[in-house]
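1. fold the stuff below for me.
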Amino acid sequence: MSGFHPLKDGVISIIWLAAIIALAWAPQQEDFHIIGPLVAVGFGAYWYLAIVRKTVQLKWLLGLAIIARIALVGNFPNLSDDVYRFIWDGHAWHAGLHPFAHLPKDIIGASASLSQELFDQLNSQGYFSIYPPLAQLIFWIATSIEGATLHTSAVIMKAFHCVFDIGAIFLIYKLLPKFNLEKKWLLLYALNPLIIIELIANLHHEGIVIFFIMFCFLLLKSEKIALAGVAMASAIATKILPILFCPLIFFYLKGTKRWVFTCVTFVSTVILFIPLIQDVSIITNILESADLYLRKFEFNGGLYYLYRAFGQAIYGYNTIHTLGPLLMGTSAFLILYIATLPLYKKVTSDDLPILMMMTYASYVLLSITIHPWYVALLIPLCLLTPYRSPILWSGLILMTYINYNFDVYREQLWVVAIEYILVYGYIIYEVKQNGWPIAQLKKA
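-> Modelled structure (predicted):
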């Protein structure tokens with residue numbers, strides 16, 4: 001399998017590209033009879049090109065990856081309705097209304113753009129916005145053209161996402177040699193169907209976060225600590241979750257570097273958030289939305305569903321109100337445990353990706369809601385480690401679109417069971433093959 005076969009590889013490359021474009025343009029969210037086969041074909045071609053092939057034409061495949069991203073900029077997101085909230089928030093700003101201070105249901109008709117028609121498309125009509133300042137800035141820009149259609153605003157946002165994701169590819173390309181890894185592994189990110197579909201086609205912000213996290217890595221490797229702090233603050237200002245990495249980096253860095261990174265990250269984050277935080281009520285509203293997230297929403301919950309079944313058997317009702325915070329508390333404990341490893345273990349910059357991957361996995365795997373795009377950040381992190389279980393997960397989790405295939409939304413627990421049996425099974429296999437990451441760290 002080591003030789004390059006122009007005809008065979010060329011055909012499979014075109015099949016991959018066609019599957020990706022078709023996934024973004026052809027089906028609606030409820031059309032799993034189209035989504036399922038296209039995901040299978042796209043991931044099959046991806047697996048062959050990025051993993052099975054020993055010799056690859058890297059420039060050709062990276063060019064194809066960029067073409068795929070550009071080809072998806074022009075269509076309206078068909079597989080996610082989050083875009084309507086992005087557009088709503090943008091129009092709210094232009095109407096002089098703060099998305100963190102006003103519920104959508106309270107400001108219908110406040111401007112021509114905040115219409116009943118747009119409101120009816122929202123999946124969060126009774127919740128305050130949860131999107132940080134850099135995301136809000138993109139929403140504001142995308143809705144700045146007077147009279148612009150929803151499609152036009154979506155395309156403007158997609159253009160931003162496309163640029164950042166191509167930038168992330170470049171940064172990973174620069175990072176791989178610094179970890180003594182082959183540049184071929186870049187294809188695991190560049191050609192990954194989940195990355196392209198969820199971050200470009202469906203407009204989720206993890207692609208921008210990945211850009212800033214990879215930039216932070218590169219700057220830390222280059223000993224540019226202050227700039228690394230700015231990059232981390234930018235990631236947090238795009239989506240709050242990167243703040244999970246800050247305790248680990250705090251304990252990893254020593255002496256002056258620790259305080260430079262921490263202070264720059266903190267000050268930069270405050271500066272970026274100042275335009276949003278007008279008074280204490282804004283913070284209260286954000287916490288209220290976060291609390292609702294922990295206690296109400298369920299999707300593809302993995303371990304949570306097991307605990308929920310036990311709770312249902314014991315108490316006779318859904319124990320989400322206690323299970324949600326309990327699982328998040330467990331996640332916080334694991335994250336702090338991983339963060340403090342540098343206090344008594346020798347942690348090098350080469351160890352950071354695996355510890356960051358474990359940090360984020362501790363959050364995601366214990367969440368009660370795990371949408372496909374939540375897995376995206378694990379993919380670039382795993383490229384810098386010997387572990388590849390997030391790649392398998394990125395294919396399996398797209399099968400959860402089957403839940404939308406019914407007149408009334410109904411989660412298919414058998415699909416969830418298959419997904420997590422295979423994911424956890426592969427994690428166990430990799431640990432047996434490569435060893436438990438923490439056990440491999442030497443004593444400080």
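
2. so what's the closest residue to Ala228 other than its chain neighbours up against?
-> Spatial nearest neighbour of Ala228, excluding adjacent residues (Cβ to Cβ, 6 or more residues apart in numbering): Leu219 at 3.8 Å. C-beta: built from backbone N, CA, C; applies to glycine. Contact partners of Leu219, counting by Cβ atoms under 8 Å, 6 or more residues apart in numbering, are 225, 227-228, 231.

3. return the member of those residues nearest to Leu191.
-> Each of the contacts of Leu219 was scored against Leu191 by Cβ to Cβ, and Ala231 proved nearest at 25.2 Å.

4. go ahead and confirm that closest one touches Ile210.
-> No: counting by Cβ atoms under 8 Å, Ala231 sits too far from Ile210 to count as a contact (11.6 Å).

5. count of neighbours near Trp259?
-> The tally of other residues near Trp259 (other Cβ atoms under 10 Å) stands at 12.

6. before we move on, what about Cys263?
-> By the measure other Cβ under 10 Å, the count of residues near Cys263 is 12.

7. can you give me the pLDDT of it?
-> pLDDT for Cys263: 98.

8. got it, and Pro133?
-> Listed pLDDT for Pro133 reads 94.

9. do the same with Glu198
-> pLDDT, Glu198: 97.

10. excluding its backbone neighbours, what's nearest it?
-> Computed as Cβ to Cβ, 6+ apart, the closest residue to Glu198 that is not its neighbour in sequence is Trp373, at 3.9 Å.

11. wait, isn't that neighbour in contact with Ala201?
-> No: between Trp373 and Ala201 there is no contact under Cβ under 8 Å: 10.7 Å.

12. looking at this protein, which helix is longest?
-> helix 150-178 (DSSP state H).

13. starting at the chain centroid, how far to that helix?
-> Offset of helix 150-178 from its chain centre (Cα atoms, centre = their mean, to the nearest Å): 13 Å.

14. if we can go back for a sec, looking at Ala231 and Ile210, which is more packed in?
-> The neighbour count for Ala231 versus Ile210, taken as other Cβ under 10 Å, is higher for Ile210 (28 against 24).

15. from Trp60, how far off is that one?
-> Distance, Ile210 to Trp60, by Cβ to Cβ, to the nearest Å: 23 Å.

16. before we move on, what about Trp414?
-> For Trp414, the distance to Trp60 - Cβ to Cβ - is 40 Å.

17. which of the two has more residues huddled nearby?
-> Set Trp414 next to Trp60 and count neighbours by other Cβ under 10 Å: Trp60 wins out with 14 against 9.

18. that one contacts Ile12, correct?
-> No: judged on Cβ under 8 Å, Trp60 makes no contact with Ile12 at a distance of 12.0 Å.

19. in the longest helix of the chain, which residues are buried?
-> For helix 150-178, the neighbour count (16 or more other Cβ atoms under 10 Å) marks 150, 153-162, 164-169, 171-176 as buried.

20. repeat for stretch 262-280
-> In stretch 262-280, counting by 16+ other Cβ under 10 Å, buried: 262, 264-265, 268-269, 272-273, 276.

21. what lies in contact with it?
-> Counting by Cβ under 8 Å, 6+ apart, 98, 100-101, 132-134, 136, 225-226, 229-230, 232-234, 236-237, 246, 250, 282-283 sit against stretch 262-280.

22. mind giving me the ChimeraX select for the residues you listed, buried ones only?
-> Buried residues among the contacts of stretch 262-280 (16+ other Cβ under 10 Å), as a ChimeraX selection:
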select :98,100,101,132,133,134,136,225,229,230,232,233,234,236,237,246,250,282
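
23. which other helices and strands contact the helix or strand that contains Tyr337?
-> Assigned by DSSP states H and E, Tyr337 belongs to helix 320-339. Helix 320-339 sits against helix 246-252, helix 280-295, helix 303-315, helix 352-364, with contacts defined as 3 or more Cβ pairs under 8 Å, 6 or more residues apart in numbering; DSSP states H and E.

24. output the third one as PDB, restricted to C-alpha atoms.
-> Just to be clear, that refers to helix 303-315. Extracted in PDB, the C-alpha atoms of helix 303-315 (Å, rounded to 0.1, in the frame of the first residue of the first chain):
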ATOM      1  CA  LEU A 303     -22.100   8.000  30.400                       C
ATOM      2  CA  TYR A 304     -24.900  10.300  31.600                       C
ATOM      3  CA  TYR A 305     -27.500   8.000  30.000                       C
ATOM      4  CA  LEU A 306     -26.200   5.100  32.000                       C
ATOM      5  CA  TYR A 307     -26.500   7.000  35.200                       C
ATOM      6  CA  ARG A 308     -29.900   8.300  34.200                       C
ATOM      7  CA  ALA A 309     -31.100   4.800  33.700                       C
ATOM      8  CA  PHE A 310     -30.000   3.800  37.200                       C
ATOM      9  CA  GLY A 311     -31.600   6.900  38.600                       C
ATOM     10  CA  GLN A 312     -34.800   6.200  36.800                       C
ATOM     11  CA  ALA A 313     -34.800   2.600  38.200                       C
ATOM     12  CA  ILE A 314     -34.200   3.800  41.700                       C
ATOM     13  CA  TYR A 315     -36.300   7.000  42.000                       C
END
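
25. pLDDT of that helix, averaged?
-> Computed over helix 303-315, the mean pLDDT rounds to 87.

26. can you mark which positions in it are buried?
-> Neighbour-count burial for helix 303-315, counted by 16+ other Cβ under 10 Å, picks out 303-305, 307-308, 311.

27. quick one, strands of this protein?
-> 345-346, 442-443 (DSSP state E).

28. how about those in JSON lines, adding mean pLDDT and mean neighbour count?
-> Formatted as JSON lines, the strands of the chain follow (pLDDT from 0 to 100; neighbours: other Cβ atoms under 10 Å):
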{"stretch": "strand 345-346", "mean pLDDT": "92", "mean neighbour count": "14"}
{"stretch": "strand 442-443", "mean pLDDT": "84", "mean neighbour count": "8"}
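
29. can you put those strands in CSV and add distance to Leu323?
-> Below are the strands of the chain laid out as CSV (distance: least, Cβ to Cβ, whole Å):
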stretch, distance to Leu323
strand 345-346, 32
strand 442-443, 37
